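quick one, structure for this:
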Amino acid sequence: MAPPPPPVKLIRDIRSLPETLRHGAVAIGNFDGVHRGHARIVERLRNMAQRICGAAVVFTFDPPPAALLRPEKAPPPLTTIERKVELLAELGVDAVIAYPTNLDLLQLSPQEFFAKIVQSDLAAQALVEGTNFFFGHDRAGTIEVLRGLTTEAGIQLHVVEPLLVDGEPVSSSRVRRLIAAGDVSAACRLLTQPYRICGTVVEGARRGAAIGFPTANLGGVATLLPGQGVYAGRAQIIEGEPGASAPGGVTESENRAWPAAINVGPNPTFGEDESKVEAHLIGCTEPLYGTLLAVDFVARLRDIHPFDNVEALKAQLARDIAEVKTTEWNQTEGR
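Alright, predicted model coming up:
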């Protein structure tokens, strides 16, 4: 097992930014999902930070601007801020600033945003951004605007070209479409880690336990759910609470992780229409009610459909579990 990444500072109040994190290299953006395109930006960010002997800092927004400006059209997030920090820590950043987004910030012109955030608050020596970066009121700040501002301020700017996979740019919106369609294996190829949701185990109808396949029912999931279907993945208990002092707010317990068959959607065999998330943790005998559970999705196994009787359902569940056991876990290796 690889050693855990070093602790990464999560800073919510930029006024408390340590001097050691000022005068560094900064990447600004949503970083939703922390996909391979983001990983390319972070790689350049770390290189630039080493060159200027400063920190590698990611500046992101909490909540994302769209949640305030267009709440009815804002897409569901791919990652919580805590998960985002975990993934960025694995990529090697020194700190993540989760700036508390408000309308005052969003009303700043590009020039005002640059002067306040980049020059005053961060005192950045270098910026690393993608080609589709926009900033300031009405997204009026383009890369060309940023290039002019950085040149005038004597700040280095490195623009990272999009990463192409199968001829298309890797983006959060592309990952979101794949997840919503249930194509989690294709999403895995674009992400730095398999897609994860996190929720608290709540009490369900206990039908799974009654037929020999107990499930953990997840409540309070704050991120995008994959499309309806049955999936192969892994589930693990998360120690602590989101927002705690551990990197990313929580600590994963690798020895409390199990392969899982995951159902996203209703249970039509029993006449249920309500969509829910249920995970059968293969080999788990621990009590799970009230625990925080992370569920990673690796592959989609099949559609959800009603069965003629409970025995037919049990036979299919047994086949699902056998398939989960043969599913290659880390499909992101060797890319």
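
now the helices for this protein?
Taking DSSP state H to define them, one finds helices in the chain at 36-52, 65-69, 81-91, 103-106, 110-113, 143-153, 172-180, 184-190, 207-210, 310-326.

please tell me how far the fifth one is from the chain's geometric centre.
Here helix 110-113 shows a centroid-to-chain-centroid distance of 28 Å under the convention CA atoms, centre = their mean, to the nearest Å.

which stretch in the helices of the chain is the model least sure about?
Among those, helix 207-210 carries the lowest mean pLDDT, at a mean of 70.

coming back round to it: reformat the helices of the chain as a markdown table; add distance to P259.
For the C-beta atoms, the positions are set from N, CA and C on the backbone; glycine is no exception. Putting the helices of the chain into a markdown table (distance: least, CB to CB, whole Å) gives the following:
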| stretch | distance to P259 |
| --- | --- |
| helix 36-52 | 25 |
| helix 65-69 | 34 |
| helix 81-91 | 21 |
| helix 103-106 | 43 |
| helix 110-113 | 46 |
| helix 143-153 | 44 |
| helix 172-180 | 20 |
| helix 184-190 | 15 |
| helix 207-210 | 16 |
| helix 310-326 | 5 |
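
out of the ones you listed, deepest packed?
When you average the neighbours per residue for each of those (mean count of other CB atoms under 10 Å), helix 81-91 leads with a mean of 23.

which helices and strands does that one pack with?
Packing partners of helix 81-91 (3 or more CB pairs under 8 Å, 6 or more residues apart in numbering; DSSP states H and E): strand 9-11, helix 36-52, strand 56-62, strand 95-100.

just how off-centre is the longest one within its chain?
Which is helix 36-52. Centre-to-centre, helix 36-52 and its host chain are 19 Å apart (CA atoms, centre = their mean).

about what we covered before: how about the helices of the chain, which one is nearest D166?
helix 184-190 (8.4 Å; CB to CB).

can I get the CA coordinates of that closest one in PDB?
Extracted in PDB, the C-alpha atoms of helix 184-190 (Å, rounded to 0.1, in the frame of the first residue of the first chain):
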ATOM      1  CA  VAL A 184     -18.800   4.700 -14.500                       C
ATOM      2  CA  SER A 185     -16.100   2.600 -16.100                       C
ATOM      3  CA  ALA A 186     -15.700   5.300 -18.800                       C
ATOM      4  CA  ALA A 187     -15.700   8.000 -16.100                       C
ATOM      5  CA  CYS A 188     -13.000   6.100 -14.300                       C
ATOM      6  CA  ARG A 189     -10.700   6.500 -17.300                       C
ATOM      7  CA  LEU A 190     -11.100  10.300 -17.000                       C
END
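
K9 against L17, yeah?
No: look at K9 against L17 with CB atoms under 8 Å: they stay out of range, at 9.2 Å.

list the residues that contact K116.
Listed by CB atoms under 8 Å, 6 or more residues apart in numbering, the contact set of K116 reads L108.

what bridges to H158?
Here H158 sits in beta bridges with V128, going by DSSP bridges.

ok, now how distant is it from A89?
H158 is 22 Å from A89, where distance means CB to CB, to the nearest Å.

show me what contacts the residue nearest the centre of the chain?
What sits nearest the mean C-alpha location of the chain, by CA atoms, centre = their mean, is T79, with 2.9 Å. By CB under 8 Å, 6+ apart, T79 lies in contact with D32, G33, V34, L87, R196, T223.

measure it to G167 for me?
26 Å.

contacting residues for A180?
L224, P226, G227 are the contacts of A180 under CB under 8 Å, 6+ apart.

what is the nearest of the residues you listed to W258?
When the contacts of A180 are ranked by distance to W258 (CB to CB), P226 comes first, at 18.9 Å.

how many residues are close by that closest one?
By the measure other CB atoms under 10 Å, the count of residues near P226 is 24.

where does pLDDT dip in the stretch 101-250 of the chain?
Scanning the stretch 101-250 of the chain for pLDDT under 70 picks out 205-206, 208-210, 240-250.

one more time with 80
Along the stretch 101-250 of the chain, the model assigns pLDDT under 80 to residues 204-210, 212, 239-250.

on that earlier part again, and the residue nearest to the centre of the chain, what's its pLDDT?
pLDDT for T79: 97.

out of the contacts of T79, which is most surrounded?
Neighbour max across those (other CB under 10 Å) = G33, 30 neighbours.

could I get the phi/psi values of that residue?
The phi/psi pair for G33 (degrees, to the nearest 10) reads phi 90, psi -20.

per-domain residue ranges of this protein.
Under the assignment automatic domain parsing, the domains of the chain span 9-165, 194-326.

nearest to C188 among the ones you listed would be which one?
Of all the domains of the chain, domain 194-326 comes closest under CB to CB, at 5.2 Å.

how far off centre is that closest one?
On CA atoms, centre = their mean, the centre of domain 194-326 falls 18 Å from that of its chain.

and the domains of the chain: which comes nearest I179?
domain 194-326 (5.3 Å).

got a list of what Q107 touches?
So Q107 contacts H137 (CB under 8 Å, 6+ apart).

my error: substitute Y99 in the last question.
R12, I14, F59, T60, F61, D62, L105, I117.
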